[in-house]
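Undergrad: This is a predicted model, with the sequence first.
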Amino acid sequence: MNLNRLYLTKNECYRAGQIITPKGIMVHSTGANNPHLKRYVGPDDGKLGENVYRNHWNQARPDGRQVCVHAFIGRLADGSIATYQTLPWNYRAWHSGGTANNTHISFEICEDDLTDSVYFNAVYKEAVELCIYLCDKFGLDPENIVDHSEGCKLGVASNHKDVMHWFPRHGKSMDTFRADVLDGLGLRRFYRVQVGAFREKVNAEKMLAEVKMAGFKDAFIKFE
């Protein structure tokens with residue numbers, strides 16, 4: 001992950017400075033054919049490139065809207081992919097149009113024309129690595145990573161389609177995304193099957209021996 005920091009200090013959201021306890025992550029994409037970070041993050045730090053239109057989000061109300069996210073993923077001036085943190089992770093962002101503002105860290109992936117598989121795979125990988133970092137930092141369960149469209153279905157976000165208008169075009173979904181984050185964290189899920197319940201320990205030990213003889217070497221006794 002290529003993580004950089006440039007806080008949007010002029011944005012009303014940053015200035016509000018409301019603190020949250022992160023419980024999940026919400027994935028967004030920008031909905032515009034412009035993969036360049038400088039469109040949203042500014043001013044130029046020497047890597048972003050100059051936004052001659054000055055329409056980045058480091059202003060009170062970008063495009064007249066009360067919007068702000070914790071990070072953006074997209075292209076630098078040299079064409080490489082990077083993440084820019086734009087709010088402290090524990091600040092309340094204005095991203096969901098719902099109660100997820102109070103609970104979720106948010107980031108936007110800068111869209112292109114949605115057909116470039118090389119660009120998609122690069123920003124997808126960067127987004128997975130960002131979520132691995134955030135899950136590890138805040139002890140978050142990858143199951144609590146959702147996109148905006150899922151947030152809408154859960155009743156915690158407004159009615160947006162991102163990122164399901166984009167990911168499936170390249171063979172990905174939020175399920176594959178969460179699985180990739182889980183793999184990156186080195187976690188595995190286990191399903192356990194109980195084969196007996198005994199009042200006498202000797203009977204439990206007998207069953208354990210039989211199960212191990214059957215090939216289940218990791219079997220164990222749990223006392224409750």
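TA: That came in fine, so what should we check first? Numbering: from 1, shown residues only.
Undergrad: Which pLDDT value goes with Ala219?
TA: Per-residue confidence at Ala219 stands at 79 (pLDDT).
Undergrad: Please identify the helix or strand for it.
TA: Assigned by DSSP states H and E, Ala219 belongs to no helix or strand.
Undergrad: so who does it touch?
TA: 195, 208, 211-212 (CB atoms under 8 Å, 6 or more residues apart in numbering). Quick note: C-beta positions are derived from backbone N, CA and C, even for glycine.
Undergrad: Which of those are buried, as a PyMOL select command?
TA: Provided next is the PyMOL selection string for whichever of those are buried by 16 or more other CB atoms under 10 Å:
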select buried, resi 208+211
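Undergrad: Closest to Tyr53 out of the contacts of Ala219?
TA: Val195 (66.9 Å; CB to CB).
Undergrad: So what does Cys152 look like in phi/psi?
TA: phi -60, psi -50 (degrees, to the nearest 10).
Undergrad: With Lys201 instead?
TA: Torsion angles, degrees, to the nearest 10, at Lys201: phi -60, psi -40.
Undergrad: From Met213, how far out is it?
TA: 19 Å (CB to CB, to the nearest Å).
Undergrad: In JSON lines: the contacts of Ala219, plus pLDDT.
TA: Shown next, in JSON lines, are those (pLDDT from 0 to 100):
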{"residue": "Val195", "pLDDT": "79"}
{"residue": "Leu208", "pLDDT": "83"}
{"residue": "Val211", "pLDDT": "76"}
{"residue": "Lys212", "pLDDT": "79"}
